[in-house]
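Engineer: Return a 3D structure for these sequence lines:
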Amino acid sequence: MAEDLVELFRRSIDQCTARIEGIGDDQWRATTPCADWDVRALVNHLTGEQLWAPHLVAGETIADVGDRYDGDVLGDDPAATWRAAAPSSVAAFAQPGALDGTVHLSYGDESCREYLTQMLTDAAVHGWDIARATGQDERIDPAAATLLLAHWREREELVRGSGIFGDAVDVPDDAGDDVKLLGLLGRRP
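Structural biologist: Sure thing, here's the model as predicted:
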């Protein structure tokens, strides 16, 4: 199962890479389904997460990393910055035994496996946000959607109380797991 989770993350990161590379010069300020973020701010968020991950997986704390990834991490070439950051994140999670460790997050200690599931969620769902905002292919990896839907359904009370996701959106009962996941996390697929 650990290898499957890492593989799902790698595939979602690859999908994000394709979408980020597909952002047109005139689309970086386009609105996204995330009300507070335009495309550039959303890519900055995702890139910052990829920069943080190797440190956290290695056991560093938020204080250890400090403010080095605060603000705009994208610079003049956002796609190149993403391409440089993403492989190190995937590699950190793929290290033997990494998912058995503990990471020190802003809200407290968490299993690395749970942290990777959260990172997979962001890659899959924010990847969809980018696709929606820029008119690209909106498909989510079916295996990732199924895993994440089950994961977040079990934690729906946490999802609703966190303020991170929007209110659930009703979707048809016969919708695919990707649509159900997006609806659960407040997206309108």
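Engineer: Let's see the helix-or-strand element of the chain with minimal mean pLDDT as PDB, backbone CA atoms only.
Structural biologist: Ranked by mean pLDDT, DSSP states H and E, the helix or strand of the chain with the weakest confidence is helix 156-162, at a mean of 74. Taking Å, rounded to 0.1, in the frame of the first residue of the first chain, the C-alpha atoms of helix 156-162 are listed here in PDB:
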ATOM      1  CA  GLU A 156     -15.700  14.500   6.900                       C
ATOM      2  CA  GLU A 157     -16.300  16.000  10.300                       C
ATOM      3  CA  LEU A 158     -12.600  17.100  10.300                       C
ATOM      4  CA  VAL A 159     -13.000  18.400   6.800                       C
ATOM      5  CA  ARG A 160     -16.000  20.500   7.700                       C
ATOM      6  CA  GLY A 161     -14.400  21.800  10.900                       C
ATOM      7  CA  SER A 162     -11.100  22.700   9.400                       C
END
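Engineer: which helices and strands does the next helix or strand along the chain from that helix pack with?
Structural biologist: Next in sequence after helix 156-162, counting helices and strands by DSSP states H and E, comes helix 177-184. Judged by 3 or more CB pairs under 8 Å, 6 or more residues apart in numbering; DSSP states H and E, the packing partners of helix 177-184 are helix 112-134, helix 142-154. C-beta here means a position set from N, CA and C on the backbone, and glycine is covered the same way.
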